[in-house]
Structure formats: C-alpha cells, structure tokens
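build me a model from this:
(one chain, ligands or ions: 2)
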Amino acid sequence: MVSNEFAIAIMAAGKGTRLKSKHPKVLHEIGGRALLLYVIAAAETAVTPDHIYCIIGHESERVKVAVAATGVQFVLQPEQRGTGHAIQMLKADFERSGTPLPKHLLVLSGDVPLIRPETIATVRDTHLRERAAMTILTAVPTDPTGYGRVLRANPKKPEVTAIVEQKSLTPDQLSAPEINSGIYCFETQALFSKLDALNTNNAHGEFYLTDIAAMLVAEGKRVVAVKAHSVDEVLGANTIAEMMHLDAAMRLATARRLMDSGVTIFRPETCVIDSAVTIGPDTVIEPYVQLLGATQIGSDSRIRSYSVIQNCTIGNNVTVLNGCVFDDSDIADNAILGPYSRLRPESHIGEGAHIGNFVETKKTTIGKGSKASHLSYLGDAIIGAGVNIGAGTITCNYDGVHKHRTTIGDGAFIGSDSNLVAPINIGAGSYIAAGSSITEDVPDGALALGRSRQTNKPGWVAARKAAKQKA
Ligand code: UD1
Ligand code: CA
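Numbering: from 1, shown residues only. Ligands and ions are numbered 1, 2, ... in the order given. The predicted structure follows:
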C-alpha cells in the first residue's frame, strides 16, 4: 500500500458505559491482551504506525500509556459526542497540523478486536475496485440486535442506501439482518466534506458517523457494503458478556494454533491460554490449566490440571503436577514440580531439580538436580547442585526490616525441619542435623547440630501416675 494513499483511524475514545467498569473499554482484555492492541496490530499490517491515528478521550492518558510502544499517533476527543464527532476531531487535527490528507481513510473500531488483516485488505480492495466514496464491512449474525443495520436497495447488489441505528429502526426494519461492523473505508475528501453537516437529532443525541452513508448517497456518491467471512471477527465488545464471548473465541483460536503445531491440549475449552503463550511440540496440557502472559514452554513437557502459570519460561521434558502456581520464574529441562508448589517471582529452578508439594520459593536459585520435596519456604536463597533440602526446611530471610540471603553449597544435606537464619552460608557437602536452628556459617564438609541435647527420664510416666493416685 502506498503510504500517503491510506491512513487508518481507530475510534477508541468511548467510555464503554455498558461495561459498568471503571476501566476504559478499549483496555479491557480478551485472551490476556487489551482490545485496542489487537486492533492496532491488525492496522499495522496495512499501514505504518505513523499513519495510524488512535482517537482517544475517556481516560486518554491511561490508554496512551498502554499502547504507546506501538508508535501510533494520537488524536484527542476531549468529550465523547459520538463516532461522527470522533472523526470530526481527526479532521480538525489534520487541519491544525497541516498534515496532507491521505486519499483514503480506513476507519476501525477499538472495540471490534478480532478483525483480521485479510479482512482489512478486502475492505480496502473492494473500496478501490468499486471506486466507492464509502465501503462498509458488514456481517449477518444470528442475532443482529443492538447493531446498526445496513440497508441495500437490492440485496444482491453492493450498493447501500443507509445505515440505521438500532434505536431508529422502523418496525419493518427491525428484522433487517445485515449489521454494520463499524469498520469502513472512505474517500477522505468525500467524508470530510460531509462531517460538518452531521447533527445530533437521534436517540442518543450524538453525532453518528453512520449517517454519512445516506448523506453521500443523497449526493449521488457510491456507498457499498462487503460481507466479512466470519461473523466473530466483526463482533463488538460492548458488554462483559460480549467481551467473554470474544475471549472464548480468541482463546480457542490460540489453542487451535498450538494444537496445529503439535501441542496436545485436552479439553481446550476448559483451559485459559493467553494469546502470547508459546509451547513446543509433544507437550501435553491437561484440562483446567491457565497459561498466562508471556509464558513459554518447551517440548515434551506436561502440565497437569489446575496449574496457573504466569510469565514463566519452562524448558523441555518438565513435569508440572497438579495445582501449582508459578509467577515470573524459569524452570530448566527435566525438572519435576508439584503437586501444589508455589514459585513466586524470580525463582530459577535448575535442570532436573525436584520441587515438591507445599514448597514455596521466592528470589531463589535451585541448582541442577537439587531436591526440596516437601513443605519448605526457600526465599532469597542461592542453592547449589545436588543439594537435598529436607521436609519443613525454612530460610528465615526476614528480620522484620530487611531481607537476607542464604547460600547453600553443592551437595549439602539439610536435615528436616531446619531453620536457616539468614544471612548465612552453608558450605558445600556439609550436613545439617534435623531440627536445627542454624545461626552461624557452616564450613564445607562439616556437620552442624543446632538443637538442644535430648534427655530421657526412665520410668517418669509410671512415677507420675502413682503420685496422682496417692493425692
Ligand atoms: C457503532 C455503530 C453501529 C455498529 C457498531 C458496530 C455508530 C453510531 N454506530 O455502534 O452502527 O453496528 O458500532 O460495533 O457509529 N467512540 C469514540 N468516540 C465517541 C463514541 C465512540 O471514539 O464519541 C468509539 C468507541 O470507543 C468504540 C467505537 O467508537 O470503540 C464505537 O462506539 P460504540 O459506542 O461502541 O458504538 P456502537 O453503539 O457499538
Ligand atoms: Ca461498539
């Protein structure tokens, strides 16, 4: 596409009243990503970011920050007085900045997130082929209620006579099946010449961009419609229920993409997999697993049911047993974790390591082949290779004010129920006796006993019983 021929406007200023949410509509997420980011990504396949104009208004600063990295341009619509008003703001911005007008303007809606690049190209190509002043992307969903309807003079022909909003439909128009997707291509001059003539004499008291269709037709200009291949890609997200419908569609598409690349996902409809997640072939995802954020999983691994994994990098041939919760951590090849392990941020689990049930780690590195199989807290620790951490071991890393480090050398054996009071160094190959509270560094190869000596009192129980009977 020649860059000064086309620009794209994305209408993203609305509040999203129907969501009843304090967050701006276009920042609501489906598939773990903001609606607006999907639309921008699709737009970027057609023009460069400097030709994409995001019209923002409600909570504009938040929206700007959330998508700034894409490099798109922003146009402020300080008051949201309708989709027609949004484009009036764009026109004013072009005039103010003296930007040469693009010959054609594609208009996308920030709340129609599943639009595919191929469909944007179809709208553009139809527009050019039909030499239209306005080309409207449409669809025929099972229930058109709520959408603007596209009326054609002849259902078999592309020419449109008008777009009528839901609340303005006459009784015999109520069953009109073809909906306006809110995605258009305009000849910019034709559009801009009509914007000032829009009015707010309608049910919402807003400037409707959709009124432009009939205005252009009245002038003898050509307005045409083109139908999208799939209905889902033009559905809007106006309510939480609609948002969740699109979320499910998005996640199912992600699961299908992963399955196509060799990943087994049992009962994909029960899994919550964000769109940025990557997984290698022959990995198995069991039902009711959540894989979120930038999680990456290698090949031949298995994630058992009820695990929730966010922003983690997991290697090959890793087993994650049921009910684990992992955040911002990485796990090397051949490790086995769970059931019910908790990796808090910055946990680094080494190759072939075992992290067992009710073990919690935080800012901790666990070396190759080391094991912490049961009931431990390991925080701010650097643990070497081949270390055995006994059941119930606790790194006492916090003195109430500061966090302190524990280091454990290669091959050390930490007996069960030990407290390691940080800062502390446990030498390589050393032994810590079970039940110890270790407060001083342990040299390499040493045995450390940090518990009081046991005393047995023979016959004590019987003697006490006898004393009680006398009294
Ligand atoms: C709009 C169309 C309707 C179409 C539907 C498709 C109009 C009048 N109606 O209705 O025909 O079937 O989309 O999804 O255009 N926005 C602004 N500034 C505003 C108002 C809205 O930027 O002042 C943005 C919103 O953030 C949203 C988009 O424009 O991203 C559409 O607005 P919305 O209020 O959702 O329009 P619909 O009622 O869905
Ligand atoms: Ca909408």
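
of all the residues in the stretch 101-250 of the chain, which ones are close to ligand 1?
109-112, 147-148, 163, 165, 179-182, 208-210, 236, 238 (C-beta under 6 Å from any ligand atom). For the C-beta atoms, the positions are set from N, CA and C on the backbone; glycine is no exception.

how much space between the residue in the chain positioned nearest to ligand 1 and Ser230?
Nearest to ligand 1, among the residues of the chain, is Gly148, at 2.1 Å (C-beta to the nearest ligand atom). Using C-beta to C-beta, to the nearest Å, Gly148 is found at 19 Å from Ser230.

who has more neighbours out of the two?
Gly148 (27 against 12; other C-beta atoms under 10 Å).

ranges for the helices of the stretch 201-350 of the chain?
211-218, 240-260 (DSSP state H, counting those that start in this stretch).

on that earlier part again, right, and the residue of the chain closest to ligand 1 touches Gln166 too?
Yes: at 6.7 Å, Gly148 and Gln166 qualify as touching, with contact defined as C-beta atoms under 8 Å.

for the stretch 51-200 of the chain, which spans come out with low pLDDT?
Across the stretch 51-200 of the chain, nothing is flagged by pLDDT under 70.

and the nearest residue to Arg222 once chain neighbours are set aside, what does it touch?
The shortest distance from Arg222 to any non-neighbouring residue, by C-beta to C-beta, 6 or more residues apart in numbering, is to Ala132 (4.6 Å). Ala132 is in contact with 126, 185, 187, 221-224, counting by C-beta atoms under 8 Å, 6 or more residues apart in numbering.

on that earlier part again, just the helices of the stretch 201-350 of the chain: most buried one?
helix 211-218 (a mean of 20; mean count of other C-beta atoms under 10 Å).

where does the residue lying closest to Ser275 once chain neighbours are set aside land on pLDDT?
Nearest-residue entry for Ser275: Gly31, 4.1 Å, with adjacent residues in sequence omitted and distances by C-beta to C-beta, 6+ apart. Gly31 is assigned 95 on the pLDDT scale.

how about the contacts made by Gly31?
247, 250-251, 254, 274-275.

what about the nearest residue to Ser261 once chain neighbours are set aside, how many residues close to it?
Spatial nearest neighbour of Ser261, excluding adjacent residues (C-beta to C-beta, 6+ apart): Pro281 at 6.3 Å. By the criterion of other C-beta under 10 Å, Pro281 has 12 neighbours.

now Pro281: how far from Val263?
7 Å.

what about Pro171, how many neighbours?
6.

torsion angles phi and psi at it?
When read as degrees, to the nearest 10, the backbone of Pro171 gives phi -50, psi -40.

can you check the one 3 residues further on too?
When read as degrees, to the nearest 10, the backbone of Leu174 gives phi -60, psi -30.

now Thr406
phi -110, psi 130.

for the spatially closest residue to Val164 that is not a sequence neighbour, give its distance to Thr278.
If the residues on either side of it in the chain are set aside, Val164 comes closest to Arg149, at 5.3 Å by C-beta to C-beta, 6+ apart. Distance, Arg149 to Thr278, using C-beta to C-beta: 41 Å.

and these two? which has more neighbours close in?
Arg149 (22 against 15).

wait, what's in contact with that one?
163-164, 166, 169, 173, 176-180.

which strand residues bridge it?
Val164, Ile179 (DSSP bridges).

begin at 49 from here
Noted, 49 is the first residue going forward, which turns the last one into Arg197.

how far away is it from ligand 2?
With distances taken as C-beta to the ion, to the nearest Å, Arg197 is found 14 Å from ligand 2.

and if you look at Tyr336?
Distance from Tyr336 to ligand 2, by C-beta to the ion: 32 Å.

burial of that residue, as a residue count?
17.

what pLDDT does it get?
98.

can you name the residue of the stretch 49-198 of the chain nearest to ligand 2?
Residue nearest to ligand 2 within the stretch 49-198 of the chain: Asp159 (4.5 Å; C-beta to the ion).

count the neighbours of the residue of the chain found nearest ligand 2 for me.
With C-beta to the ion as the measure, Gly284 is the residue of the chain nearest to ligand 2, at 3.8 Å. Gly284 has 21 neighbouring residues, counting by other C-beta under 10 Å.

over to Val272?
Neighbours of Val272 under the rule other C-beta under 10 Å: 21.

contacting residues around the residue lying closest to Ala238 once chain neighbours are set aside?
Counting by C-beta to C-beta, 6+ apart, Ala181 is the residue found nearest to Ala238 once chain neighbours are left out, at 4.0 Å. Ala181 makes contact with 234-235, 238-239, 264, 269-271 under the criterion C-beta under 8 Å, 6+ apart.

and the furthest pair within these?
Leu239 and Arg270 (13.1 Å; C-beta to C-beta).

what sits in contact with each of the two?
By C-beta under 8 Å, 6+ apart, the residues touching both Leu239 and Arg270 are 181-182.

number of residues surrounding Arg512?
10.

what comes into contact with the helix or strand in which it is found?
Assessed by DSSP states H and E, Arg512 sits inside helix 508-518. Residues external to helix 508-518 that are found in contact with it (C-beta under 8 Å, 6+ apart): none.

can I get the CA coordinates of it in PDB?
Provided in PDB are the C-alpha atoms of helix 508-518 (Å, rounded to 0.1, in the frame of the first residue of the first chain):
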ATOM      1  CA  TRP A 508       8.800 -41.000  84.600                       C
ATOM      2  CA  VAL A 509       5.300 -41.700  83.300                       C
ATOM      3  CA  ALA A 510       4.600 -44.500  85.800                       C
ATOM      4  CA  ALA A 511       6.000 -42.400  88.700                       C
ATOM      5  CA  ARG A 512       3.700 -39.600  87.800                       C
ATOM      6  CA  LYS A 513       0.600 -41.800  87.700                       C
ATOM      7  CA  ALA A 514       1.500 -43.300  91.100                       C
ATOM      8  CA  ALA A 515       1.900 -39.800  92.600                       C
ATOM      9  CA  LYS A 516      -1.500 -38.700  91.200                       C
ATOM     10  CA  GLN A 517      -3.300 -41.800  92.700                       C
ATOM     11  CA  LYS A 518      -1.900 -41.000  96.200                       C
END
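
centre of the chain to it, how far?
68 Å (C-alpha atoms, centre = their mean, to the nearest Å).

just the buried positions in that helix, please.
By neighbour count with 16 or more other C-beta atoms under 10 Å, helix 508-518 contains no buried residues.

stretch 101-121 too?
Those would be 101-108, 111, 114-115, 120-121, for stretch 101-121 by 16+ other C-beta under 10 Å.
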